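Q: one predicted model, sequence on top.
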Amino acid sequence: MNIIVFGGSGGIGAAILKQIRLRYPSASVFATWNTQPPADELSGDGIQWSQVDVCSEQSIQTFSQSFDKVNWLINAVGMLHIDAKGDAAQMPEKSLKQLNPEFFMKNMQLNALPTLLIAKHFERALKHDESAQFTTVSAKVGSIEDNGLGGWHSYRCSKAALNMAIKNISIEWRRRLPKVCVTALHPGTTNTELSAPFQGNVPDGKLFTSQYTASCLVDLLSQFKASDTGKFVAYDGEELPW
Ligand SMILES: NC(=O)c1ccc[n+]([C@@H]2O[C@H](COP(=O)([O-])OP(=O)(O)OC[C@H]3O[C@@H](n4cnc5c(N)ncnc54)[C@H](OP(=O)(O)O)[C@@H]3O)[C@@H](O)[C@H]2O)c1
């Protein structure tokens with residue numbers, strides 16, 4: 001079994017890798033990082049690491065060329081804010097006044113487009129006789145139907161675009177790659193660098209450790225069948241509206 005985790009250096013991605021090592025010790029596991037090389041505990045754990053910038057199609061294409069067959073492909077790359085000092089820092093918008101076209105495009109570039117590019121270049125390796133999972137960590141705030149609060153324009157729009165990409169890929173592959181289950185997953189609010197500035201308002205018991213989230217997501221992936229393709233599913237198994 002060959003498993004790839006894009007964004008294995010992130011909070012959720014690293015925890016998913018640990019779950020996979022635990023539950024599928026004989027799987028061949030591959031992971032990517034961009035700016036943060038893997039933590040020591042993961043660098044010597046039989047995981048084969050590559051540096052991949054998902055904003056570069058060339059980088060994704062070159063990485064894809066090393067694979068003949070992939071069984072699980074998990075994209076855990078994403079952004080919510082830009083954590084930099086001074087003017088370069090950017091938080092999600094509370095109102096339209098704060099909308100910044102560059103920040104909007106950065107969200108689209110990192111949260112939406114990579115899944116389409118990864119699907120384009122990994123289709124060949126996902127097309128085989130065994131069952132396969134193609135999933136991306138999305139976010140419930142990307143659901144148009146569920147949106148009752150507003151705000152976070154760039155992030156919400158980019159996750160809604162990602163959700164459309166997942167639905168579209170599932171439709172295109174239904175006939176061509178019928179063994180592949182294509183899903184979007186909502187992890188719940190998880191204690192990582194991405195959510196760190198926004199954890200103050202999270203109700204008691206609703207801020208998950210990355211270990212808990214990863215355990216839930218790997219449970220889901222181990223249970224999904226080809227007939228689950230095209231679904232948006234939360235960490236607890238609830239099917240979410242697009
Ligand atoms: N945490 C939450 O509460 C929460 C809630 C809902 C949804 N999500 C979603 O879950 C996913 C993972 O979030 P997280 O909390 O684990 O975030 P995180 O800890 O900030 O990790 C982000 C990951 O994205 C990678 N990345 C960023 N830019 C990249 C690029 N250009 N090319 C390749 N990789 C790049 C980072 O790699 P490097 O560090 O190596 O640069 C890192 O592995 C995101 O899509 C997020 O929207 C999270």
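A: Sure thing, it's come through. Treat the numbers as computed from the prediction; the structure is a model and nothing was measured. Numbering: from 1, shown residues only.
Q: list the buried ones in the longest helix along the chain?
A: Counting by DSSP state H, the longest helix found in the chain is helix 153-176. Using 16 or more other C-beta atoms under 10 Å as the burial criterion, the residues of helix 153-176 that qualify are 153-167, 169-170, 173. (C-beta placed from N, C-alpha, C; glycine too.)
Q: could you do stretch 192-199 as well?
A: Neighbour count says stretch 192-199 has 192, 194-195 buried, by 16+ other C-beta under 10 Å.
Q: in this structure Asp53 contacts Ser59, no?
A: Yes - counting by C-beta atoms under 8 Å, Ser59 is a contact partner of Asp53 at 4.6 Å.
Q: what residues does the protein have near the ligand?
A: 7, 9-13, 33-36, 52-55, 76-80, 110, 137, 139, 187, 189-190, 192-195 (C-beta under 6 Å from any ligand atom).
Q: give me the buried entries from those.
A: For those, buried by 16+ other C-beta under 10 Å: 7, 9-13, 33-34, 52, 54, 76-80, 110, 137, 139, 187, 189-190, 192, 194-195.
Q: narrow the residues of the chain next to the ligand to those in strands?
A: Those of these mapping onto strands are 33, 137, per DSSP state E.
Q: can you pull the pLDDT of Asp87?
A: Note on Asp87: pLDDT of 69.
Q: low-confidence ranges, this structure, go.
A: 85-87 (pLDDT under 70).
Q: hmm, 90 instead?
A: Low-confidence segments of the chain, defined by pLDDT under 90: 38-46, 83-89, 201.
Q: distance from the centroid: which residue in it tops it?
A: Lys97 (29.0 Å; C-alpha atoms, centre = their mean).
Q: that one - that's part of a helix, no?
A: Yes - using DSSP: H, G, I helix; E, B strand; the rest coil, the secondary structure at Lys97 is a helix.
Q: shouldn't Pro197 be in contact with Ala89?
A: No - contact criterion C-beta under 8 Å: Pro197 and Ala89 do not qualify, at 9.9 Å.
Q: how close does Ala76 get to Thr192?
A: Taking C-beta to C-beta, to the nearest Å as the measure, Ala76 falls 10 Å from Thr192.
Q: shared neighbours of the two, anything?
A: The contact sets of Ala76 and Thr192 overlap at 10, 12 (C-beta atoms under 8 Å, 6 or more residues apart in numbering).
Q: can you tell me the element Ala184 falls in?
A: Per DSSP states H and E: Ala184 is located in strand 180-186.
Q: which residues of the protein fall in helices?
A: 11-23, 40-43, 57-64, 101-107, 113-126, 153-176, 210-223.
Q: Phe232: which of these is closest?
A: helix 153-176 (6.0 Å; C-beta to C-beta).
Q: how far off helix 113-126 does that closest one point, in degrees?
A: Here helix 153-176 runs at an angle of 20 degrees relative to helix 113-126 (axes from the mean of the first three to the mean of the last three C-alpha atoms, to 10 degrees).
Q: output helix 153-176 as PDB, nothing but the C-alphas.
A: Extracted C-alpha coordinates of helix 153-176, given in PDB (Å, rounded to 0.1, in the frame of the first residue of the first chain):
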ATOM      1  CA  HIS A 153     -14.000  36.100   2.900                       C
ATOM      2  CA  SER A 154     -10.700  34.900   1.400                       C
ATOM      3  CA  TYR A 155     -10.600  31.600   3.400                       C
ATOM      4  CA  ARG A 156     -14.300  30.800   3.000                       C
ATOM      5  CA  CYS A 157     -14.200  31.500  -0.800                       C
ATOM      6  CA  SER A 158     -11.000  29.400  -1.200                       C
ATOM      7  CA  LYS A 159     -12.400  26.400   0.700                       C
ATOM      8  CA  ALA A 160     -15.700  26.700  -1.200                       C
ATOM      9  CA  ALA A 161     -13.700  26.600  -4.400                       C
ATOM     10  CA  LEU A 162     -11.800  23.600  -3.100                       C
ATOM     11  CA  ASN A 163     -15.100  21.800  -2.300                       C
ATOM     12  CA  MET A 164     -16.300  22.400  -5.900                       C
ATOM     13  CA  ALA A 165     -12.900  21.000  -7.200                       C
ATOM     14  CA  ILE A 166     -13.400  17.900  -5.100                       C
ATOM     15  CA  LYS A 167     -17.000  17.400  -6.300                       C
ATOM     16  CA  ASN A 168     -15.800  18.000  -9.900                       C
ATOM     17  CA  ILE A 169     -12.900  15.500  -9.700                       C
ATOM     18  CA  SER A 170     -15.300  12.900  -8.200                       C
ATOM     19  CA  ILE A 171     -17.600  13.300 -11.100                       C
ATOM     20  CA  GLU A 172     -14.900  13.200 -13.800                       C
ATOM     21  CA  TRP A 173     -13.300  10.100 -12.200                       C
ATOM     22  CA  ARG A 174     -16.600   8.200 -11.500                       C
ATOM     23  CA  ARG A 175     -16.300   6.400 -14.900                       C
ATOM     24  CA  ARG A 176     -12.600   6.700 -15.600                       C
END
